[in-house]
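In: no sequence for this one, just the structure:
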């Protein structure tokens, strides 16, 4: 539900793409083997907007471009506080589980593989991240996007509770 509220249009945003994984798929027919490719791509403006996509085609470059087009249709807005995330968050998709924890300035992105691509695309510079369960890049990317879509900044929390910003911090 949070992902629905955070949707963003890609018309006027300068997006950078990162290739997460390319997979070669083989279909065996009576005429021999037919190869095709699937590509997982993450796009983001490195300023709080990120999306992921999957493209499939007979050629790698065509699969990547289809993945980029798909990713531009799935953009979400993520709150960033001082180059890190606002709070601890867990994300889950299928067998993949991820933990995201805010980090102090100078820590860097402590994450591996598919998670790193998503976190760098969104523009987070300091974060501690852990991937548990499945290491399938599809599921890890979707679990990371799930965790990021659940993020809320202090202003959103205050608005949801119907109190002032100082009341959120002071209890």
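Out: Here it is on my side, so go on. Please read all numbers here as calculations on a predicted model, not as lab measurements.

In: just the helices in the protein please.
Out: Taking DSSP state H, the helices of the chain run over residues 2-5, 60-72, 113-122, 137-149, 154-161, 165-170.

In: check which helices and strands the last one is in contact with.
Out: If you count contacts as 3 or more C-beta pairs under 8 Å, 6 or more residues apart in numbering; DSSP states H and E, helix 165-170 packs onto helix 154-161. Every residue, glycine included, has its C-beta placed from N, CA and C.

In: if you count neighbours, what's buried in the helix it packs on?
Out: By 16 or more other C-beta atoms under 10 Å, the buried positions in helix 154-161 come out as 157-158.

In: one more: stretch 121-133?
Out: Result for stretch 121-133 [16+ other C-beta under 10 Å]: buried residues 121-129, 131.

In: same question for it, mean pLDDT?
Out: Mean per-residue pLDDT for stretch 121-133: 94.

In: between the two ends of it, how far is it?
Out: Stretch 121-133 has an end-to-end distance of 23 Å (C-alpha to C-alpha, to the nearest Å).

In: distance from the chain centre to it, please.
Out: Centroid separation for stretch 121-133 versus its chain: 9 Å, with C-alpha atoms, centre = their mean, to the nearest Å.

In: so where's the protein uncertain?
Out: Applying pLDDT under 70 to the chain picks out residues 1-5, 10-12, 171.

In: sorry, back to before: reformat the buried residues of stretch 121-133 as JSON lines; add distance to residue 150.
Out: Formatted as JSON lines, the buried residues of stretch 121-133 follow (distance: C-beta to C-beta, whole Å):
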{"residue": "121", "distance to residue 150": "18"}
{"residue": "122", "distance to residue 150": "13"}
{"residue": "123", "distance to residue 150": "17"}
{"residue": "124", "distance to residue 150": "15"}
{"residue": "125", "distance to residue 150": "20"}
{"residue": "126", "distance to residue 150": "19"}
{"residue": "127", "distance to residue 150": "15"}
{"residue": "128", "distance to residue 150": "17"}
{"residue": "129", "distance to residue 150": "14"}
{"residue": "131", "distance to residue 150": "17"}
